[in-house]
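Engineer: whatever this is, show me its structure:
(one chain, ligands or ions: 1)
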Amino acid sequence: MTISDEQLGTLRADTPACKNLIHFNNAGASLMPMPVYVAMTNHLKREQEIGGYEAAAEAKPALDRFYTAFADLFRASPSEIAYVENATRAWDMAFYALPLSAGDRIITHSSEYASNYLAFLQMARRRGLEIDVAPSDGTGQIDVDALPGMLTPKTKLVAITHAPSQGGLVNPAEEVGRFVREYGLFYLLDACQSVGQMTVDVRKIGCHLLSGTGRKFLRGPRGSGFLYVAAEIMEQLEPPFIDLHSAEWTSNNDFKFLPDARRFENWECNVAGRIGLAAAVDYAREIGLDTIERRVVALAQALRDQLAEIQGVTVHDLGARKSGIVTFVKDEEPAGPIAERLRAKKANISVTPQSYARLDFGSRGLPDLARASVHYFNTKDEIDQFCRLVRGEAL
Ligand SMILES: *Cc1c(COP(=O)(O)O)cnc(C)c1O
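Structural biologist: Numbering: from 1, shown residues only. Now for the predicted structure:
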């Protein structure tokens, strides 16, 4: 299936900012489609009219939909889904819950998200965990063939990022999953940039834990995120924080965690955000994740090709399989000033600083990169206009 011109018109009409902006910052925060915005603002209105607790009670079906929508999206069970305020906290809740002790080893890759790597460093310092960075293969993705040779009896966890935020690569999550399952390790996948732009099937991938955020390719609200926890490892995980929602106080001196993934949630949360995020999942599924990926990949490749033709511009994306993220530099115009200049012309991108991707940019000798990230509602026309702006031409 592809998106027809007529459907594209509808999708763009659902995204009013398309009239005024070239939004190539979907890996930063995408634009909420109207059904998401309406679901959220309706709920805020009800909170104002009848009270927050009362509005939540009234919205129970929409709130329950959060769990079934993500279960449908990932081919998981609703009891394996938690609502968390962002991807970092979701990932943290999973990582710090794992039964790891001094000397245990973690396999990761240079494309790992900076906050995750900081958590590895913290736990190396605090608890004596050891970090093993898997090499890249010739395409720049994690070298799956090198993994068996890295195994030690102390290797417990493989933690990688599916689609890194600092480049257009998509790591071979399924192949890594086969390795993890063969050797009985834990598998924590940061899917923050992949969910919403491609099919992410936790059964095919074989991950035990998967984290992500609402605002990026899913087009949900800011300050919303999610965590998938495979039922088979639930009882081995002790959440690092506890409250009266995640656990039950069973007697004066005893408690137990909830049996499902809600043990990773906390009681107070952005209720309108949860409703909005569920609506965003339904919106994406209605278009179809394979259909979305096909269009995103084609647009991103067209953007890379056109940028590469511009004098002085170099594109830096790695990987055999690529995402909607496009990174580049331009001679004599650093990434920060390019992003500012484009924003003044109503074209949104972001900048990935070197310090957010030390292992990756360090080994490749890269400076801060300009990051343009396209979504299915973007168009070839916008790519043409964007490239003219990058050249320094007036539109
Ligand atoms: C953005 C991002 C995160 C962090 O998401 P937040 O919702 O900002 O916490 C984690 N991992 C990757 C790969 C990201 O791109």
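
Engineer: what's the burial count for whichever residue of the stretch 251-395 of the chain sits closest to the ligand?
Structural biologist: Using C-beta to the nearest ligand atom, residue 325 is the residue of the stretch 251-395 of the chain that sits closest to the ligand, at 8.9 Å. Glycine gets a C-beta too; all of them are placed from N, C-alpha and C. Neighbourhood size, residue 325 [other C-beta atoms under 10 Å]: 28.

Engineer: that one and residue 373 touch, don't they?
Structural biologist: Yes: with contact defined as C-beta atoms under 8 Å, residue 325 reaches residue 373; the gap is 4.8 Å.

Engineer: could you point out the longest helix of the protein?
Structural biologist: Assignment by DSSP state H gives helix 289-308 as the longest helix of the chain.

Engineer: returning to what we had before: from residue 192, how far out is the residue of the stretch 251-395 of the chain closest to the ligand?
Structural biologist: In this view, residue 325 and residue 192 are 12 Å apart by C-beta to C-beta, to the nearest Å.

Engineer: how about the residues of this protein by the ligand?
Structural biologist: The chain has residues 86-88, 113, 161, 164-165, 190, 192-193, 213, 225 near the ligand, with proximity defined as C-beta under 6 Å from any ligand atom.

Engineer: follow-up on the earlier one: what's next to the longest helix of the chain, contact-wise?
Structural biologist: Defining contact as C-beta atoms under 8 Å, 6 or more residues apart in numbering, one finds that helix 289-308 is touched by 1-3, 24, 73, 168, 196-200, 217, 284, 313-315, 317, 322-326, 328, 372-376, 378-380, 383-384, 386-387, 390.

Engineer: got phi/psi on residue 225?
Structural biologist: Main-chain dihedrals, residue 225, degrees, to the nearest 10: phi -160, psi 180.

Engineer: returning to what we had before: who's in contact with the residue of the stretch 251-395 of the chain closest to the ligand?
Structural biologist: For residue 325, counting by C-beta under 8 Å, 6+ apart, the contacting residues are 27, 163-165, 167-168, 193, 300, 317, 371-373.

Engineer: rewinding a little: buried subset of the contacts of helix 289-308?
Structural biologist: Restricting the contacts of helix 289-308 to buried positions leaves 3, 24, 73, 168, 196-200, 217, 284, 313, 315, 317, 322-326, 328, 372-376, 378-379, 383, 386-387, 390, with burial counted as 16 or more other C-beta atoms under 10 Å.

Engineer: in strands, which of those residues fall?
Structural biologist: Secondary structure defined by DSSP state E assigns 313, 315, 325-326, 328, 372-373 of these to strands.

Engineer: which neighbours do residue 325 and residue 373 have in common?
Structural biologist: Common neighbours of residue 325 and residue 373, using C-beta under 8 Å, 6+ apart, are 27, 300.

Engineer: ok and the helix or strand where residue 370 lies relative to helix 289-308, angle-wise?
Structural biologist: Assigned by DSSP states H and E, residue 370 falls within strand 369-373. If you take axes from the mean of the first three to the mean of the last three C-alpha atoms, to 10 degrees, strand 369-373 sits at 140 degrees to helix 289-308.

Engineer: so where is the stretch 201-350 of the chain shaky, pLDDT-wise?
Structural biologist: Applying pLDDT under 70 to the stretch 201-350 of the chain flags no residue at all.

Engineer: tell me how many other residues crowd the residue of the stretch 201-350 of the chain found nearest the ligand.
Structural biologist: Minimum separation of the stretch 201-350 of the chain from the ligand (C-beta to the nearest ligand atom) falls at residue 213, amounting to 3.3 Å. By other C-beta under 10 Å, 28 other residues sit near residue 213.

Engineer: tell me how far it lies from residue 241.
Structural biologist: When residue 213 is compared with residue 241 (using C-beta to C-beta), they lie 19 Å apart.

Engineer: same deal with residue 157?
Structural biologist: Computed with C-beta to C-beta, the distance linking residue 157 and residue 241 is 20 Å.

Engineer: swap in residue 265?
Structural biologist: Using C-beta to C-beta, residue 265 is found at 10 Å from residue 241.

Engineer: which one's more surrounded, those two?
Structural biologist: Set residue 265 next to residue 241 and count neighbours by other C-beta under 10 Å: residue 265 wins out with 23 against 13.

Engineer: do I have it right that the more buried one meets residue 246?
Structural biologist: Yes: contact between residue 265 and residue 246 holds when scored by C-beta under 8 Å: they sit 6.0 Å apart.

Engineer: joint contacts of residue 325 and residue 192?
Structural biologist: With C-beta under 8 Å, 6+ apart, residue 325 and residue 192 have common neighbours 163, 165.

Engineer: assign a three-state SS to the residue nearest the centre of the chain, would you?
Structural biologist: In the chain, the C-alpha nearest the mean C-alpha coordinate belongs to residue 192, at 1.0 Å (C-alpha atoms, centre = their mean). Using DSSP: H, G, I helix; E, B strand; the rest coil, the secondary structure recorded for residue 192 is coil.

Engineer: which helix or strand contains the residue nearest to residue 73 when sequence neighbours are not counted?
Structural biologist: Among residues not flanking residue 73 along the chain, residue 281 sits closest, at 5.3 Å (C-beta to C-beta, 6 or more residues apart in numbering). Under the criterion DSSP H and E, the helix or strand holding residue 281 is helix 271-287.

Engineer: am I right that residue 160 sits in a strand?
Structural biologist: Yes: following the definition three-state DSSP, residue 160 is counted among the residues of a strand.

Engineer: which residues does the nearest residue to it once chain neighbours are set aside form beta bridges with?
Structural biologist: Counting by C-beta to C-beta, 6+ apart, residue 109 is the residue found nearest to residue 160 once chain neighbours are left out, at 5.1 Å. In this entry, residue 109 is beta-bridged to residue 134, by DSSP bridges.

Engineer: let me see the ranges of the helices in the stretch 101-250 of the chain.
Structural biologist: 114-127, 147-150, 173-183, 202-205 (DSSP state H, counting those that start in this stretch).

Engineer: would you map out the domains in the chain?
Structural biologist: 5-31+288-391, 36-286 (automatic domain parsing).

Engineer: measure the shortest one end to end?
Structural biologist: The first and last residues of domain 5-31+288-391 sit 28 Å apart, counting by C-alpha to C-alpha, to the nearest Å.

Engineer: nice, that's everything, thank you.
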